[in-house]
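Peer 1: How does the following fold in three dimensions:
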Amino acid sequence: MKFIWPTMLWLLLALPLLVLLYSWILKRKRRSTVRLASIQVAKMALGRGPGWRRHVPPLLLLLAMAALLLSIARPTAIITLPLAERTIMLAMDVSGSMRAEDVKPNRLVASQVAAKAFVENLPREVKVGVVSFAGTAAVVQAPTTSRDDVIAAIDRFQLQRGTATGSGIILSLATLFPDHGIEIQNITGQRNFPGKEIGKKEDKAFTPVAPGSYNSAAIIMLTDGQRTTGPDPLDAAKMAAERGIRVYTVGIGTTSGEVIGFEGWSMRVKLDEETLKNVSVLTHGEYFYAGTAEDLKKVYESLSSRMVVERKETEVTALFAALGALLAVTAAGLSLWWFGRVA
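Peer 2: Residues are numbered from 1 along each chain as shown. Take a look at the predicted model:
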C-alpha cells in the first residue's frame, strides 16, 4: 500500500497519546472511588461491574480514529477492477505457412478453433474486431458485440502468400483510432475503411501517451512466421505503444522451422520469437508460445481473463473513511446499549 500524502501519517503519533490519556483517566477514577469499610458492602453497592465491556467502545473509537487518520494520507492499493468498456482486435496470420500440420489438424484450423472459443468466452459487452494479414492486411470484421459475425469472419479466412506482421498491427490500430491519421493505403491497397477515408492530413492528430496506458482496447496478434513483406513490426509496435495499446503476441508452430510444400513449391517456415517478444515488450503486452493445439487453447483461455479485468493502482481513501465511520457508530451504539450513554 502506498500513500499520496505520506507526511500525514505523522498524525498517527497522536494515537499512543490517546491511549496514555485513557489510562490516566482510569487511574484517576480509581483514586476518587469512595473507600468503604467492608469489601462485601462495596460489592453490594456497586453491583455487577461492566468488566471488559467498559473498554470495548473506547477501543473501537481508537480504531476509528486510526482509520480516519490513514484516510487523510490518501492510501492507494493495486486492485483488480472490471473493465466497463473494451475492444479487442484479433490480428491473425493467414499466410500460406499456416497450412503446416505440426499443429493438428493444421495451424490455420487450430488457430480458428481457439480464436472462436476465445470470442465465445468474452463478456457480451466486449467488442471484437478481426484483421487478417498475409502479404497485405484486411479488416474482415469491424469491432462488434455480435459473436456470430465475428465467428463467421474467422471461418472465412483464406490462405495467401507473404507475411506482413507489421501491417496486421497497423491496420488494427487504424481500426481502433480512425481519426489518428494512420496511413493504411500501402498495407491494404484500398482507401475506403468503415465508411470513411483514413490517412487524410486533416484527420485528428494525437498526443503520445505512456505505453500500455490505454485500457479500453488491446490487440492480440497470432502468427507462425517471420515477416516477409510490409512494414517492420517493431515500427508498428512503437505506433501502438505511443497510443497506449498493449499488443499480446502469440507464436504458433515450431521454433526450429517446418518445411511445407504447395502447388510445386516448398519453403521452410520458422517462428520469429525474438520479434514477437520485442513487440510485446515495447507495448507492455505479453508473449505466448503455442506449440500444439492444446497450448493454443490454453493461451486464449488465459487471455480471456486478462482482457476483461485490469490491475490498477487506485485510491482507497473512501474505504478507510467508511471503515472509520462504521467503527465510530458501532462504538456509540454499544455504549448506549450497555451503559445507556455515549462513552
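Peer 1: Dihedrals phi and psi, Tyr248?
Peer 2: Dihedral angles of Tyr248 (phi, psi; degrees, to the nearest 10) stand at phi -90, psi 120.
Peer 1: Confirm for me that it is in contact with Gly285.
Peer 2: Yes. Tyr248 is within contact range of Gly285, at 4.5 Å (criterion: CB atoms under 8 Å). To be clear about C-beta, it is placed using only N, CA and C from the backbone, and glycine gets the same treatment.
Peer 1: Now for these two: what residues contact both?
Peer 2: By the contact definition CB atoms under 8 Å, 6 or more residues apart in numbering, Tyr248 and Gly285 are jointly contacted by Ala218, Ile219.
Peer 1: now the end-to-end length of stretch 288-296.
Peer 2: By CA to CA, to the nearest Å, the extent of stretch 288-296 from end to end equals 9 Å.
Peer 1: chain center to that stretch, what's the gap?
Peer 2: Here the centre of stretch 288-296 is set off from its chain's centre by 23 Å, with CA atoms, centre = their mean, to the nearest Å.
Peer 1: what comes up buried for it?
Peer 2: Residues of stretch 288-296 classed as buried: Phe288, Tyr289, Ala290, Ala293, Asp295, Leu296 (neighbour count, 16 or more other CB atoms under 10 Å).
Peer 1: again, but for stretch 272-292
Peer 2: Neighbour counts over stretch 272-292 (16+ other CB under 10 Å) mark 272, 275-276, 278-290 as buried.
Peer 1: which among the residues you listed gets closest to Leu18?
Peer 2: Leu18 lies nearest to His284 out of these, by CB to CB, at 46.0 Å.
Peer 1: any idea of the pLDDT on the closest one?
Peer 2: Looking at His284, its pLDDT is 94.
Peer 1: Ok, Ala318 next?
Peer 2: pLDDT, Ala318: 88.
Peer 1: what about it, how many residues close to it?
Peer 2: Look at Ala318: counted by other CB atoms under 10 Å, it has 9 neighbours.
Peer 1: Now do the same contact list for it.
Peer 2: Ser71.
Peer 1: Assign it to helix, strand or coil.
Peer 2: Assigned state for Ala318: helix (three-state reduction, DSSP: H, G, I helix; E, B strand; the rest coil).
Peer 1: the strands in the protein, which residues?
Peer 2: For the chain, applying DSSP state E gives strands covering 2-3, 75-82, 87-93, 127-133, 137-144, 192-193, 196-197, 217-223, 246-252, 258-262, 265-269, 287-290, 309-315.
Peer 1: Which strands or helices does the fifth one pack on?
Peer 2: I take that to be strand 137-144. Counting contacts by 3 or more CB pairs under 8 Å, 6 or more residues apart in numbering; DSSP states H and E, strand 137-144 is packed against strand 87-93, strand 127-133, helix 147-155, helix 165-176, helix 185-188.
Peer 1: Please identify the deepest-packed of those.
Peer 2: helix 165-176 (a mean of 28; mean count of other CB atoms under 10 Å).
Peer 1: Alpha carbons only: can I get that one in CSV?
Peer 2: Backbone C-alpha positions of helix 165-176 (Å, rounded to 0.1, in the frame of the first residue of the first chain) are rendered in CSV as follows:
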residue,chain,number,x,y,z
THR,A,165,3.0,-8.8,-39.4
GLY,A,166,3.6,-5.1,-39.2
SER,A,167,0.6,-4.5,-41.5
GLY,A,168,-1.6,-6.5,-39.1
ILE,A,169,-0.7,-4.3,-36.2
ILE,A,170,-1.1,-1.0,-38.1
LEU,A,171,-4.4,-1.9,-39.6
SER,A,172,-5.7,-2.9,-36.2
LEU,A,173,-4.6,0.5,-34.8
ALA,A,174,-6.3,2.3,-37.7
THR,A,175,-9.5,0.4,-36.8
LEU,A,176,-9.3,1.4,-33.2
